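J.: one predicted model, sequence on top.
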Amino acid sequence: MRTYAGPLNKLFGFYKNAKDLKHVAGTFGATLTILLGNIGTGILCARFLGPEGRGEQAAMIMWPQLLGYALIFGLPSALIYRLKTNERDKSELFSASILLGFFQALLAAAVGIVLIPVWLGSYDHGVVVFAQMCMLITPLVTLTPVLESALKAENEHKLYNRLRLLTIAVTLLAISFFVLTGRMTPHNTALAYLLASMPSFFLMVRKLIALYKPKLKKLKQSVKRLTGYGIRSAGIDLLGTVSDKLDQALIIAFLSPAQMGLYVVALSLSRMLNIFQSSIVSVLFPKMAGMDNGVIGPMTLKVARISFGCSILAALVLMAAGSPVLQLLYGKEYLGSVGVYRILLLEVVLHGTIWILAQAFMSVGRPGVITLQQMLGVGLNIPLMLFLIPKFGITGAALSLLTATSVRMTFILIYYKKYFKLAGKEFLAIGADIGWLKAKLKQSDARVSEHA
């Protein structure tokens, strides 16, 4: 019987063992299912709430995610790195990460409660108050990626993927219930999105307590280790989250809820293209942490090249099908976002490739490089959006994202070549990749024939 690992083995035969392929394959399958689930919930919300209601919902749920991730101070990446390089102290490191994550979540909640009334000044009072109440869920949002990092460090990818599937299943069931009972409101659906991860969260806690057997010994030393790496990569979380959410935050400030609804639909539909790249990233960093630089550089570059090629071809197909897809899935009232959708497809291809290349620097203990390129992107994005959104609306936001991401892509390619001492022709080895893929396909088919 063929599994997902078969086709992936054809693409990524340079992995050392079948387990790595199964992890990527399992994550890819789970991510694909989650993507379809997100599309399903997005369609229900868009059709039953309309652009204005969808925009209000997005405005309410954005803040726990924005501040919860922005103020996590590099903790998930620090935990994976330290667990891989200090396995004897894994119980102490895990315990320290939970305490740090909880206090960071409290900080994020306090900041959100203060800032939300200022930022949502043009929204109804009920939306503002509800958004403030949603900040109480921030510990759940902040600690979830920390727990997921602990699972990945123990190669519990199967459980990780199952829990992700559970979360989307709960979300879909809750929203379907609201549709069937006539209780479809921005407030109810916002709660469905924010609270859906609770069952997965407690199941993760139960599993990780058994795996790590938490101890509070060496707490000071463990906190120092985590914060030492975390502070250097904190900019990645802060700037990455700001980069991901800045467009929505400024649209909330400058435009109407209906415009926000149109943009969120285009954004979420374009992000479906990120499935393959995000599946690779979830396995690549835990796998490479601690490897030799001479292996990490070329290996990651090959993955990035192949991923980019596949993604850009898929983007062209999705661009051509933009109008029919939007009308079929969301309705005629969302056709005004088709131009934005096409721009965002190009942006997501570049963004995913950047994030794959970034894993190489994370794995060699150089997160500051990623922080620097994100600073460059955010520093360019803010003035562009402040200028373009008032003039061109949601199209201006999409163009700003694409411009800033293109600059980040240029920066990371230049630095990658310099740091890993790679020849320029290795970045354009498309012909070699095609030949390599053909060889892997022949080898894979030969092995299948032998075992048939």
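T.: Thanks, I have it.

J.: any idea how far residue 299 is from residue 148?
T.: 23 Å (CB to CB, to the nearest Å). Bear in mind the C-beta positions are built from the backbone N, C-alpha and C, glycine included.

J.: got it, and residue 313?
T.: 23 Å.

J.: again with residue 85
T.: 19 Å.

J.: ditto for residue 230
T.: Residue 230 is 25 Å from residue 299, by CB to CB.

J.: who has more neighbours out of the two?
T.: residue 230 (26 against 19; other CB atoms under 10 Å).

J.: what helix or strand is residue 358 on?
T.: helix 338-363 (DSSP states H and E).

J.: okay, the angle between the helix or strand just after that helix and helix 338-363?
T.: For helix 338-363, the succeeding helix or strand toward the C-terminus, using DSSP H and E, is helix 367-392. Interaxial angle of helix 367-392 relative to helix 338-363 (axes from the mean of the first three to the mean of the last three CA atoms, to 10 degrees): 170 degrees.

J.: list the buried residues in helix 367-392.
T.: 367, 369-374, 376-378, 380-382, 384-385, 388-389 (16 or more other CB atoms under 10 Å).

J.: from residue 87, how far off is the residue nearest to residue 198 when sequence neighbours are not counted?
T.: Spatial nearest neighbour of residue 198, chain neighbours left out: residue 140 (6.6 Å); criterion: CB to CB, 6 or more residues apart in numbering. Using CB to CB, we find residue 140 at a distance of 28 Å from residue 87.

J.: tell me which of those two has more neighbours.
T.: Neighbours per residue, other CB under 10 Å: of residue 140 and residue 87, the larger number sits with residue 140, 17 against 10.

J.: just checking, what packs against the one helix or strand that one maps to?
T.: Using DSSP H and E, residue 140 sits in helix 138-153. Applying 3 or more CB pairs under 8 Å, 6 or more residues apart in numbering; DSSP states H and E, one finds that helix 138-153 makes contact with helix 18-70, helix 75-85, helix 90-119, helix 157-181, helix 186-195, helix 198-212, helix 275-288.

J.: tell me the angle it makes with helix 186-195.
T.: Going by the same axes, to 10 degrees, helix 138-153 makes 30 degrees with helix 186-195.

J.: quick one: helix 138-153 to helix 18-70, angle?
T.: Using the same axes, to 10 degrees: helix 138-153 against helix 18-70 is 160 degrees.

J.: residue 335: how many residues sit nearby?
T.: The burial count for residue 335: 16, using other CB under 10 Å.

J.: confirm for me that it is in contact with residue 327.
T.: Yes - Residue 335 is within contact range of residue 327, at 5.9 Å (criterion: CB atoms under 8 Å).

J.: how about residues contacting the helix or strand encompassing residue 132?
T.: Taking DSSP H and E as the criterion, residue 132 maps to helix 125-134. For helix 125-134, the external contacting residues (CB atoms under 8 Å, 6 or more residues apart in numbering) are 56, 59-61, 63-64, 112-113, 116-117, 120, 186-187, 190, 194.
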